Structures are given as C-alpha cells and as structure tokens.
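Enquirer: Provided below are the primary sequence and the corresponding predicted coordinates.
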Amino acid sequence: MKKLGHSFGSGSGMSSRSCYFLAYRFVEEHGFRPESAESWIMEGRDGKFHTGLTQRGWMTSLWCSTEGRVFVSEANGRVFEFVKPAPGPTDYKVHELPGMLTGVWGLADDCVWVWGLHAGAPVLYHWNGETWRAEAAPGSIVARHGARRDLCVAVGEGGMIALWNGRTWSRMESPSTMT
C-alpha cells in the first residue's frame, strides 16, 4: 500500500471560524506532482473543517471575498467561482482563461485578479463581476495585494515590485534581483 502525503496551500477568510484553504494529497514516495495529485477546497466553519470540491490536478491559489464568494485558480487555466456556504461538487461556475494560472487575489466580488503564464509570457486577468479581461502584466507575478482599486502592489520574479494606480503599472526599485 502506498503511503499518502498531505500538504496545504493558500487560505483566505474573515476569521478562524469562517475561512477556506487548499489541501493536497499525493503519493509520498513520488512527492507532489500536479498531474497525479488531488486538490481539495476545505472550509473552516464553526470550529470544524469541511471538504468541498475535490479533483485531480493542481488548484494553485484561493481568495475569499467579504461578500461571500470564493475564487480558486487552477494550473490548467480555470478559475472556480463559488458562492457561500461551503463549495460543493455542483455549486460553482468555471471560467476558462488561457494559460497556467498560479495566483488569485481581489478586493471585492467585482474586482478579482488572476495571474500566471501563457506560452512562457506573464499573463494577468481582471474580473469585473461579469467578464474576465486580459490586462498588461508588469512581469511574472508571484503575489499581489492592495488597499484600494487604485493602490495595489505586485511582487514577482527577479525581485520585481510594481505599483498599480488603477490604470497602469509602474516598476519600483527593488533591493534584490532574486525571486
């Protein structure tokens, strides 16, 4: 019998009693391999953990809005959009986008960003609550955060730091060129 390994990915939520996170299960002797691992969306609710959607493949990142939606990026170019309560096997929309998606973050249900790579080039998509639109990426993004729609920062490969003013990116001086 093969021993299974477990690992955990990104999480998001409003409190420790209401949050979501990604979990992974894989054959331990092989290590984590996206093509053969399982990804789960887990919900922490009222001090207990509940399993939502489970599938083969690699769900790469998760973000939960204050309005009650959960967005999950997947390596094969899909974004899952769930409405609370807990994500289940049928209560979600799937958005197909070009590329390998590696991250998701947002400010509100109508301001969500996903990023990754497509044909070796950085990609960035913005959700306005109705449609996804490709945006210019400042570089290869690893993480993103912000306080307002016109005040966000992205960090990435090669020490990239970029500031979003609501319309354009401006690169900032970085103390490092390391990833």
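Expert: Arrived safely. Residues are numbered from 1 along each chain as shown.
Enquirer: Just the CA atoms of the helix or strand containing residue 163, as CSV, please.
Expert: In this structure, residue 163 sits in strand 160-164 according to DSSP states H and E. The C-alpha trace of strand 160-164 is given here as CSV (Å, rounded to 0.1, in the frame of the first residue of the first chain):
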residue,chain,number,x,y,z
MET,A,160,10.0,42.7,-9.3
ILE,A,161,8.0,45.2,-7.4
ALA,A,162,5.2,47.1,-9.3
LEU,A,163,2.6,49.5,-8.2
TRP,A,164,-0.9,49.6,-9.8
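Enquirer: quick one: strands adjacent to that strand?
Expert: strand 151-156 (antiparallel), strand 169-171 (antiparallel) (DSSP bridges).
Enquirer: So what touches the longest one?
Expert: Outside of strand 151-156, the residues that reach it under the criterion Cβ atoms under 8 Å, 6 or more residues apart in numbering are 115, 122, 138-146, 160-166, 169, 179. (C-beta placed from N, C-alpha, C; glycine too.)
Enquirer: possible to save the strands paired with strand 160-164 as JSON lines with distance to residue 129, mean neighbour count and mean pLDDT?
Expert: As requested, the strands paired with strand 160-164 are arranged in JSON lines below (distance: least, Cβ to Cβ, whole Å; neighbours: other Cβ atoms under 10 Å; pLDDT from 0 to 100):
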{"stretch": "strand 151-156", "distance to residue 129": "17", "mean neighbour count": "19", "mean pLDDT": "95"}
{"stretch": "strand 169-171", "distance to residue 129": "22", "mean neighbour count": "14", "mean pLDDT": "95"}
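Enquirer: want to throw those strands into TSV with distance to residue 74?
Expert: As requested, the strands paired with strand 160-164 are exported to TSV (distance: least, Cβ to Cβ, whole Å):
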stretch	distance to residue 74
strand 151-156	20
strand 169-171	25
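Enquirer: right, so of those, which gets closest to residue 47?
Expert: strand 151-156 (33.2 Å; Cβ to Cβ).
Enquirer: Just give me how far that closest one sits from the chain centre.
Expert: 15 Å (Cα atoms, centre = their mean, to the nearest Å).
Enquirer: Can you show me the CA trace of it as CSV?
Expert: Taking C-alpha atoms only, strand 151-156 is exported to CSV below (Å, rounded to 0.1, in the frame of the first residue of the first chain):
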residue,chain,number,x,y,z
LEU,A,151,-3.5,51.2,-4.9
CYS,A,152,-2.1,47.7,-5.3
VAL,A,153,1.3,46.1,-5.5
ALA,A,154,2.6,43.1,-7.2
VAL,A,155,5.8,41.3,-6.5
GLY,A,156,7.5,38.7,-8.6
